[in-house]
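Undergrad: Need the 3D shape of this:
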Amino acid sequence: MLSRRYTLLVADRTSGAVRRVTIAARPAIAVACAVVTLPVLCGVGTAWKAKRDVANLYSSERTLSLENASYRAATAELSDQISALQSAISDLGARAALDPGLARTMDTLPALVKSRAMGGGTAAGGADDSPASLHSGVFTALQDPEATFGLIRNLLDGLDERLSAVRSNLLRRDALAEATPSIWPAYGWLSSGMGRRADPMTGGRDYHGGLDIAGDLGQPVYATAAGTITQAAVQGPYGKLVVIDHGFGLQSRYGHLSAFNVERGENVRRGDVIGRIGATGRATGPHLHYEILADGRLLNPLRLLTQQRPRAR
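TA: Numbering: from 1, shown residues only. All right, here's what the predicted structure looks like:
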């Protein structure tokens, strides 16, 4: 069936001219439908795009919420780690304080003793701290917030390792400080120093291996550092002798005692009373014979004695 056609007449009143326009029905209907449908389709497309944008916003919001939660957790972890490091630094600051006199005394110890006390080595290195590595890490951190947290965490971990090494060194230093004979072992006056002298009994040439501190009979004798009693017995010319092992190769001897206040195997601290001044053994009168040995070699006690005095009786 042929498509119907319609003729439209268009007349110009001024000139009286008439124009005819023939239109097929189907194309006209198609154009009309297109004119009506196009806005509807545009509206549907706009609504679909808006719906997709809203869904994307919801997805971004969930992602940001998860990231914020992760960052909050990371921030809390870093905050706790920083607080722990601050506490460690405060603790190290308190431990670092050392009596100046005792510090000078420790400086005079033989190098072997100090090396033995400090372990004879250095702390192992941690992460790569080269400038190139740090530059690369900072560059990455500027590009990625997660990398920023990672970089900060790595730096804090490295600092924590170094603080642990410093703490370990301070503990060893404190142990050496406790073991360093540094106080006068008795009240009195120095009647003989270490070195060559005339023998007080024979008048001949003699070498004196320690200090003689004259005092009253029965006056207290003090441990000059912390340690363990390895001997409290009579030994030849020393008479009644106390020997203390301080560790790190250090040892102190206290001779010519009149009485013992300690027994073998007992642990003592600096300033504890270990005996009484006497004149036992090869002695011309009441006094304390005091010696210090490092790795079996005699040291001059005057090198180690500070101005600190033993506590009063």
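
Undergrad: how about the strands in the stretch 201-313 of the chain?
TA: With DSSP state E, counting those that start in this stretch applied, the stretch 201-313 of the chain shows strands at 205-208, 211-214, 220-222, 227-234, 240-247, 250-260, 267-268, 273-277, 287-294, 297-299, listed in chain order.

Undergrad: least reliable of those going by mean pLDDT?
TA: Lowest mean pLDDT within those: strand 205-208, a mean of 76.

Undergrad: tell me which residues in that strand are buried?
TA: Going by neighbour count (16 or more other Cβ atoms under 10 Å), the buried part of strand 205-208 is residue 208. Quick note: C-beta positions are derived from backbone N, CA and C, even for glycine.

Undergrad: still on that earlier bit, which one of the strands of the stretch 201-313 of the chain lies nearest to residue 57?
TA: Comparison of the strands of the stretch 201-313 of the chain against residue 57 by Cβ to Cβ identifies strand 240-247 as nearest, at 70.4 Å.

Undergrad: Give me the nearest residue to residue 279, chain neighbours excluded.
TA: Nearest residue to residue 279, sequence neighbours excluded (Cβ to Cβ, 6 or more residues apart in numbering): residue 286, at 4.9 Å.

Undergrad: Look at the residue lying closest to residue 219 once chain neighbours are set aside and say how many residues are nearby.
TA: Nearest residue to residue 219, sequence neighbours excluded (Cβ to Cβ, 6+ apart): residue 277, at 4.4 Å. Residue 277: 25 surrounding residues under other Cβ atoms under 10 Å.

Undergrad: Any figure for the gap between the residue nearest to residue 194 when sequence neighbours are not counted and residue 232?
TA: Leaving aside its chain neighbours, residue 194 sits nearest to residue 300 (4.7 Å; criterion: Cβ to Cβ, 6+ apart). Separation of residue 300 from residue 232 (Cβ to Cβ, to the nearest Å): 25 Å.

Undergrad: quick one: which of these two has more around it?
TA: residue 232 (21 against 16).

Undergrad: surely the more buried one meets residue 264?
TA: Yes. Between residue 232 and residue 264 there is a contact under Cβ atoms under 8 Å: 5.4 Å.

Undergrad: residue ranges for the strands of the stretch 51-200 of the chain, please.
TA: Going by DSSP E, counting those that start in this stretch, the stretch 51-200 of the chain shows strands at 189-192, 195-198.

Undergrad: out of those, nearest to residue 249?
TA: strand 195-198 (22.5 Å).

Undergrad: What pairs with that closest one, parallel or antiparallel?
TA: strand 205-208 (antiparallel) (DSSP bridges).

Undergrad: Centre of the chain to the partner strand, how far?
TA: On the basis of Cα atoms, centre = their mean, to the nearest Å, strand 205-208 sits 50 Å off its chain's mean C-alpha point.

Undergrad: tell me, how many neighbours does residue 58 end up with?
TA: Neighbour tally, residue 58, other Cβ under 10 Å: 10.

Undergrad: nope, residue 84 is what I was after
TA: Count around residue 84 with other Cβ under 10 Å applied: 13.

Undergrad: mind listing the helices for the stretch 51-200 of the chain?
TA: Using DSSP state H, counting those that start in this stretch, the helices found in the stretch 51-200 of the chain span residues 100-107, 111-117, 131-143, 145-179.

Undergrad: From residue 88, how far off is the residue most central in space within the chain?
TA: Centroid-nearest residue in the chain: residue 163, 1.6 Å away (criterion: Cα atoms, centre = their mean). Per Cβ to Cβ, residue 163 is found 5 Å from residue 88.

Undergrad: Same question for residue 65.
TA: Distance from residue 65 to residue 88, by Cβ to Cβ: 35 Å.

Undergrad: More neighbours: the two, which one.
TA: Each of residue 65 and residue 88 has its neighbours counted (other Cβ under 10 Å); residue 88 has more, 16 against 10.

Undergrad: shouldn't that one be in contact with residue 165?
TA: No. In this structure, residue 88 is not within contact of residue 165 by Cβ under 8 Å, at 11.5 Å.
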